[in-house]
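Enquirer: Here is the input, now give the coordinates:
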Amino acid sequence: MPIELHAWDTPNGRKISIALEEMGLPYSIHPIDISKGKQFEPAFLDISPNNRIPAIVDPDGPEGKPISVFESGAILIYLGEKTGKFYPAKGAAHIACLEWLMFQMGGFGPMPGQVHHFVALTNEADKKYGLERYHKETLRLYSVMEKRLAQAPYFAGGDVTIADFAILGWAWRHERHMVDLSTFPSVKRWYETMMARPGVQRGFAVDVKTPRPAR
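Expert: Sure, this is the predicted structure:
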């Protein structure tokens, strides 16, 4: 049975549409218009108690029972375990995958997300402080990514993993972060390689703002 994807057109939402396409899982789309406060409606809170997108509902969960999963990192791990794809089961690659997934969840998401917020402010004093603080940290995180990708083609090593899907969702907004990827050549190489993947292209192209039955 198809997985329900409850999401909107955001970096965190796109992580999951990319993963679902790359893993070849059938899914339906249930838009949660965060600009209209739909994330606070009781039906959504039942599956995402922190009122954040994305969330999924898998009718065929563990032991064949339905399950809902919220938090994009948890969803990626769940889907990786469910399919056995893009989530190394053991060894150094498993540890690296978790490390870089947590890097994204704890840093490369919250920090550029603050850049998104402050760049849109009209009060120049507030805007200046916020951008100086969070843009500097965002650039530091890109530097961390650059060092890693100068050593390996993908974040967990030699193969694409859910960590790459997670980080790509935010790197997709690099222009909004006020980051020129040519400044980070290894990140640029990785980004262009990932964006050329057919599954990634489908994941970004799918209309997550319009309800869609499973495909």
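Enquirer: only C-alpha atoms for contact and neighbour calcs from this point on.
Expert: OK.
Enquirer: Starting from residue 106, give me the distance back to the nearest residue to residue 206 once chain neighbours are set aside.
Expert: Spatial nearest neighbour of residue 206, chain neighbours left out: residue 17 (7.6 Å); criterion: CA to CA, 6 or more residues apart in numbering. Separation of residue 17 from residue 106 (CA to CA, to the nearest Å) stands at 21 Å.
Enquirer: so where's the longest helix in the protein?
Expert: As assigned by DSSP state H, the longest helix anywhere in the chain is helix 124-149.
Enquirer: Tell me the gap between that helix and the middle of its chain.
Expert: For helix 124-149, the separation from the chain centroid amounts to 19 Å (computed by CA atoms, centre = their mean, to the nearest Å).
Enquirer: buried residues in it?
Expert: 127, 130-131, 134-135, 137-139, 141-143, 145-146, 148-149 (16 or more other CA atoms under 10 Å).
Enquirer: C-alpha coordinates for whichever helix or strand comes after it, PDB please?
Expert: Going down the chain from helix 124-149, the next helix or strand is helix 162-171, by DSSP states H and E. Listed next in PDB are the C-alpha coordinates belonging to helix 162-171 (Å, rounded to 0.1, in the frame of the first residue of the first chain):
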ATOM      1  CA  ILE A 162      20.100   9.100   3.200                       C
ATOM      2  CA  ALA A 163      22.600  11.600   4.600                       C
ATOM      3  CA  ASP A 164      23.100  12.900   1.100                       C
ATOM      4  CA  PHE A 165      19.300  13.300   0.600                       C
ATOM      5  CA  ALA A 166      19.100  15.200   3.900                       C
ATOM      6  CA  ILE A 167      21.900  17.600   3.100                       C
ATOM      7  CA  LEU A 168      20.800  18.100  -0.500                       C
ATOM      8  CA  GLY A 169      17.400  19.300   0.700                       C
ATOM      9  CA  TRP A 170      19.100  22.300   2.200                       C
ATOM     10  CA  ALA A 171      22.000  22.700  -0.300                       C
END
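Enquirer: buried sites along the very next helix or strand once past helix 162-171?
Expert: Per DSSP H and E, helix 162-171 leads on to helix 185-195 as the next helix or strand towards the C-terminus. Buried residues in helix 185-195, defined by neighbour count with 16+ other CA under 10 Å: 186-191, 194.
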